[in-house]
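Q: give me coordinates for this.
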Amino acid sequence: MRAFLVCLLALWLLPLAPAHAQLGVLGNIGSNPQPSRNEPVTFGADQVQYDQQNNLVIATGHVEAWQNGHVLRADKIVFDRNTGTAAATGHVVLLEPDGEVMFADYAEMTQDMNDGVLKDMRALLAQNGKLAANGVRRTAGKINELSRVVYSPCNLCKKDPTRPPLWQLRASSGVQDLENKRDEYYDAVLEMFGWPVAWFPYISAPDPSVKRASGLLMPSIGESSHLGAYVAQPYYLVIDDQSDATFTPVLTTQTGPQLNLEYRRRFNDGYLLLETSAGYVANSPQGTLATKSQFDYDDTWRWGFDINRASSATYVEDFRLGNGFNLDPNLLASQIYVEGFGEGSYSRLDTKFYQGLSSQVVDAELPVVLPRYQYSYVGQPDALGGRFSLDFGAFNILRTVGTNTRRTSLTMNWERPFVGEYGDLWTVTLHNDAAAYDATAFNEQPNYGTHDSVEDARALPQVAVDVRWPFMRDSGVWGTQVIEPHLQLVAAPVVGNSQNDKYPDEDSLDVEFSDQNLFGFNHFPGIDRLEGGVRLNAALEGTWYLGGTTFDAFIGQSYRDTKSSVFPQYTGLHNQASDIVARVSFAPAPWLDVTYRTRLDSTTFVTHMADTVFTVGVPKLRLNGGYLYTTYDPYTLFDTAPPPTPATDPSFFQPRNEVTLGASSNWGMYRFSAYARRDLTTNSMVAVGADAIYEDECFIADLKFYRRYTSIDNDGGSTALLLLFTFKTIGQFGYRAL
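A: Residues are numbered from 1 along each chain as shown. Predicted coordinates for the structure are as follows:
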């Protein structure tokens, strides 16, 4: 049984300690006979002996000594008061104040354990780091000089620990700067599976315990058809605890140099991210600017800005700039905003502007929203059991070429739900949309009106009665079936096609009629075009739950009292009876999920739209895909005066017919994914890509491939290949071919 006795007297006053004395307190172990009561050496042992003739203290058996946060453990420790040395042998363990653990066969420590030497040292570092050296010399507790050093964060093979790890760094010598938390290796060889793959005369890296440290990052090399061979050498700078920056100069063989700067800063109330670059490409200076920020003013209000600008699509595409901001080489969007959140309310003021980069996007036709205001409110249930809500908005849209629009709008809604005697669910809704317009250049895109300016206002009150009546049957072994008919009757004044030539359209140009927007007061996406008259929206939905299998089907249609000329023919809403919309979902097990949506002609049942998505498989192997068909191409909608016709815009009625297929696999440390997208109308590929990743506790290998077949600024497509090796705790090596 171990017993502990704390001695508050100086060790040199003690006689030969009996075998059962376990714990002692030493002053400064040195030639000075006076003990230090401020920072004493405290130790514990199974046995303690005192050699008065040689002035030695010999502690054996589970010896543990600690001072100044350092802890020394060994089978035997000899304290020499003449030299101030503590010599430890047998299972030596040194625990540092920062958590580092060092093992050695032999250690000599002096000067409050700040100086010393260790033989056959092994150390456990942060982030699973492991360090070994033939010998270590410690100076002032700040510098560890290492000889014949090996470092690796990789785990050893449990069945054969003598096998080399996946990778390790061998160096003839090294230095641990404990004060500045930095490790240096000289004449270093990087080995993988015991085989040398790279040699470095010098490597400097932050200690694994350091999350952020200034210094050179691993260089990136590659080759591009537009840039030639290139090399990028990033430098990471820690500015303070809240901010840092990365400078990346790029040298190429076919263009001028390029410099990229990434800056990040955290504030108490928000953050700022910035990426900017400058270069010389195609005999002209080029550059980009991308920012993202958000700041909290108080618990209710916050503000921010996202600014994205570039000199050309070629520059963005060639250097793959703004990856963290997802810069689109066709169109860049920017905004400045302030928004507030209240109890049941939301308010936002912003401005938005855009920049077209490719030749397919005319920059002068892009809108500048300066400004836009939105306010939404949802009230609590009133005395009648209903709930009131409203949306108010105002915006000013400017174009160099095209319509300039100023609009103020107000949408009010009152909704009262009821539950019938037989489980039928009723909802009565009063609704009103109102807007006032002031527009110039109304005869230009995107409105193409018959006159130059517009000053007008309108309001459309509507009332709706909605009823749903779900029926459920429990069939025992055959599961549960739910059938729910759904009807909605909407009444409003008739709104004719004249609104196309009276009010500018900024939010209702693209109409997509499907099962998702069958019910509602307006089948247009906005309020610049309104749907009036009397109409009945009807649908039938059925769901079958059988064990873990779910089958859901939906079919619906909208009926009007008169034919509506406000909807273009391609929308499927221009006749008294709309197109039929339907949806089928089938999920028989967690490994299979299929959803099909369609829109069919109400008389011929010809397919006007089809959209299918599916996933099948388990994490070991999962397939996903989709198919999309529409009778028109929405990308050409804004090029001619609406509504387009085969005579005015035949390209608009070119069917969109695309299929996508993807696969993914996850086998422990291995991950793989691939996808392909093909245009069946033109019988050509759109894009393909693949990504293969291996990741364990110390290493990541990532191989990416991407091929774009469509053209951006008539570039004929592009191909990218990226090979990236990440050696955790020391850096990345990468090669990229474009």
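
Q: what's near enough to touch residue 403?
A: Residue 403 is in contact with 397, 439-442, 444-447, 504, counting by Cβ atoms under 8 Å, 6 or more residues apart in numbering. For every residue, glycine as well, the C-beta is placed using N, CA and C.

Q: 10 Å - rerun?
A: Counting by Cβ atoms under 10 Å, 6 or more residues apart in numbering, residue 403 makes contact with 367, 397, 439-449, 452-454, 504-506.

Q: and it, how far is that from residue 460?
A: 22 Å (Cβ to Cβ, to the nearest Å).

Q: and for residue 369?
A: Here the criterion is Cβ to Cβ. By it, residue 369 lies 25 Å from residue 460.

Q: then residue 671?
A: Residue 671 is 53 Å from residue 460, by Cβ to Cβ.

Q: go on, residue 652?
A: For residue 652, the distance to residue 460 - Cβ to Cβ - is 28 Å.

Q: the two: which is more packed in?
A: residue 652 (23 against 19; other Cβ atoms under 10 Å).

Q: helix, strand or coil for that one?
A: The three-state label given to residue 652 by DSSP: H, G, I helix; E, B strand; the rest coil is helix.

Q: now do the strands in the stretch 451-600 of the chain.
A: Secondary structure of the stretch 451-600 of the chain, counting by DSSP state E, counting those that start in this stretch: strands at 454-468, 471-474, 480-491, 535-546, 549-560, 580-589, 592-600.

Q: next secondary structure after the last one?
A: Past strand 592-600, heading to the C-terminal end, the next element that is a helix or strand (DSSP states H and E) is strand 607-618.

Q: just for this structure, where's the confidence low?
A: 1-40, 111, 319-326, 637-643, 713 (pLDDT under 70).

Q: which residues does residue 138 bridge with?
A: Counting by DSSP bridges, residue 138 forms beta bridges with residue 116, residue 144.

Q: try residue 195
A: Beta-bridge pairing of residue 195 under DSSP bridges involves residue 192.

Q: ok, how many other residues are close to it?
A: 9.

Q: give the buried residues for stretch 149-157.
A: Within stretch 149-157, the residues scored as buried using 16 or more other Cβ atoms under 10 Å are 149-154.

Q: hmm, I typed the wrong one, I wanted stretch 360-378.
A: 361, 365-367, 369, 372, 374-377.

Q: among those residues, which are in strands?
A: In this view, the buried residues of stretch 360-378 that belong to strands under DSSP state E are 369, 372, 374-377.

Q: sorry, back to before: dump the buried residues of stretch 360-378 into CSV; add distance to residue 95 as well.
A: Output for those, formatted as CSV (distance: Cβ to Cβ, whole Å):
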residue, distance to residue 95
361, 63
365, 69
366, 64
367, 65
369, 62
372, 61
374, 59
375, 61
376, 59
377, 61
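
Q: tell me the one among the residues you listed nearest to residue 165.
A: Ranked by distance to residue 165 (Cβ to Cβ), those are led by residue 361 at 52.1 Å.

Q: against residue 355, how distant is that closest one?
A: Distance from residue 361 to residue 355, by Cβ to Cβ: 9 Å.

Q: overlap in contacts of these two?
A: 331-332.

Q: picking that back up, what subset of the contacts of residue 403 is buried?
A: Neighbour counting over the contacts of residue 403 (16+ other Cβ under 10 Å) leaves 367, 397, 439-442, 444-447, 449, 454, 504-506 as the buried ones.

Q: next, count neighbours for the residue nearest to residue 592 when sequence neighbours are not counted.
A: Nearest non-adjacent residue to residue 592, counting by Cβ to Cβ, 6 or more residues apart in numbering: residue 616, 4.9 Å away. By other Cβ under 10 Å, 14 other residues sit near residue 616.

Q: any idea how far residue 658 is from residue 616?
A: 20 Å.

Q: starting at the chain centroid, how far to stretch 671-678?
A: How far stretch 671-678 lies from its chain's middle: 20 Å, per Cα atoms, centre = their mean, to the nearest Å.

Q: only C-alpha atoms, please: export it in CSV.
A: Only the C-alpha atoms of stretch 671-678 are listed here, as CSV (Å, rounded to 0.1, in the frame of the first residue of the first chain):
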residue,chain,number,x,y,z
ARG,A,671,-15.5,7.6,-51.6
PHE,A,672,-16.3,7.8,-55.2
SER,A,673,-18.9,9.9,-57.2
ALA,A,674,-19.5,10.5,-60.9
TYR,A,675,-22.2,12.1,-63.0
ALA,A,676,-23.1,12.8,-66.6
ARG,A,677,-25.6,15.1,-68.3
ARG,A,678,-26.8,14.7,-71.9
